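# can't give you the sequence, but here's the structure:
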């Protein structure tokens with residue numbers, strides 16, 4: 001097992017297209033790091049720089065104790081000498097080769113003896129549960145099986161680091177859930193340092209030991225999934241890592257007398273919110289932290305936001321997605337209770353889960 005360290009990595013395409021902007025990222029030995037962000041914001045470029053498929057414009061790339069790329073020092077170790085395994089978005093299986101030969105391909109390139117190739121291929125196929133597919137062609141496999149073949153090919157050469165580029169994007173929803181569980185289980189069993197890039201929050205939240213969020217080539221936040229989800233460093237992270245209600249408003253008063261006024265929403269803020277030092281703010285609350293009730297509730301952990309009218313109530317398998325309008329402000333809630341369209345309800349926010357962002361900088365002030 002080895003760590004991967006990207007120090008001050010910058011990548012510029014052409015004259016002024018900045019794909020990565022001074023990225024500082026350490027992936028610990030044996031860690032499952034998920035790098036996420038919107039399309040075109042540098043995720044795949046970062047992965048390709050680790051793999052050696054792209055050269056950084058500036059900065060250093062370390063794999064273990066070896067400096068594999070440094071433009072300033074004139075160092076660039078090619079991909080074949082980095083001992084990296086990579087799973088591409090489209091899996092890139094050779095259609096004219098049977099599964100056995102697809103998996104064996106990187107071993108044959110290294111000139112490994114036939115007997116050892118046979119042993120290694122059958123060994124990794126057994127680990128991944130695809131032994132029965134070795135004599136088939138990729139077109140004869142399901143999407144989930146093809147993905148396992150691609151992973152087997154990446155792992156058979158026993159790489160120091162596994163890189164995965166949107167590996168679940170070609171799978172339907174049901175198989176995607178199973179594939180995530182499978183990949184996480186294999187990574188834990190093998191203890192291999194892994195970097196996966198995705199734009200899907202579900203991939204990040206279910207797989208990652210830590211998440212790194214990229215925006216326009218710059219790291220916005222790095223942390224465990226629960227930390228990034230519950231304490232996003234800014235509005236972008238909050239909005240990207242999951243659904244969140246965002247309401248513009250102002251802070252009036254201070255300390256125990258401070259409250260948020262967002263037009264249709266007015267709430268008394270918790271006493272410990274007096275660290276907020278901006279007047280114009282954005283209040284954030286995730287749908288699962290919004291409580292709707294026909295009755296008036298009294299609970300110190302709940303902040304009363306006002307009365308609202310139910311506009312939408314959709315059943316979503318064991319829960320209801322409800323949209324409530326408070327004057328001109330719409331708030332989404334996840335409820336275990338069904339409400340009728342047009343019904344008037346009391347709206348409460350979980351006091352422990354509200355987030356307040358500076359309107360100007362969009363950085364987190366409280367939460």
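That came through, no problem. Quick caveat: nothing in here was measured; it's all calculated off a predicted structure. Numbering: from 1, shown residues only.

# what mean pLDDT does the helix ranked longest in the chain have?
Longest helix in the chain, counting residues (DSSP state H): helix 173-190. Per-region confidence: helix 173-190 scores 84 on mean pLDDT.

# Outside of that helix itself, list whatever touches it.
Residues from elsewhere that reach helix 173-190 (C-beta atoms under 8 Å, 6 or more residues apart in numbering): 32, 127-128, 142-144, 147-148, 151, 155, 162, 164, 167-168, 171, 194, 196, 202-203, 206-207. The way it works is simple: take the backbone N, C-alpha and C, and place the C-beta from them, glycine included.

# make it 7 Å
The contact list for helix 173-190, computed with C-beta atoms under 7 Å, 6 or more residues apart in numbering, reads 32, 128, 143-144, 147, 168, 171, 194, 203, 206-207.

# same question, stretch 86-104
Contacts of stretch 86-104 (C-beta under 7 Å, 6+ apart): 51, 117, 121, 124-125, 130, 133-139, 146-147, 149-154, 156, 163-167, 169-170.

# What distance separates the opening and closing residues of it?
Length of stretch 86-104, first residue to last, C-alpha to C-alpha, to the nearest Å: 15 Å.

# Just the buried residues of it, please?
By 16 or more other C-beta atoms under 10 Å, the buried positions in stretch 86-104 come out as 86-89, 91, 93, 98-104.

# returning to that earlier point: in helices, which of the contacts of stretch 86-104 fall?
Using DSSP H, 51, 117, 121, 124-125, 146-147, 149-154 are the members of the contacts of stretch 86-104 that sit in helices.

# biggest separation within those residues, which pair?
51 and 125 (23.9 Å; C-beta to C-beta).

# Next up, identify which helix or strand the residue nearest in space to the middle of the chain is on.
By C-alpha atoms, centre = their mean, the chain has its centre lying nearest to residue 204, at 3.2 Å. Assessed by DSSP states H and E, residue 204 sits inside helix 201-207.

# could you say what helices and strands whichever helix or strand comes after that helix packs with?
Where DSSP H and E defines the elements, the next helix or strand beyond helix 201-207 is strand 210-215. If contacts are counted by 3 or more C-beta pairs under 7 Å, 6 or more residues apart in numbering; DSSP states H and E, strand 210-215 sits against strand 32-36, strand 218-223, helix 225-230, helix 235-240.

# quick revisit: can you select the buried ones among the contacts of helix 173-190 for me in PyMOL?
Those of the contacts of helix 173-190 that count as buried under 16+ other C-beta under 10 Å are selected in PyMOL with:
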select buried, resi 32+128+144+147+168+171+194+203+207
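
# Where is pLDDT lowest across the contacts of helix 173-190?
When the contacts of helix 173-190 are compared by pLDDT, residue 171 scores lowest at 77.

# Distance of that one relative to residue 145?
11 Å (C-beta to C-beta, to the nearest Å).
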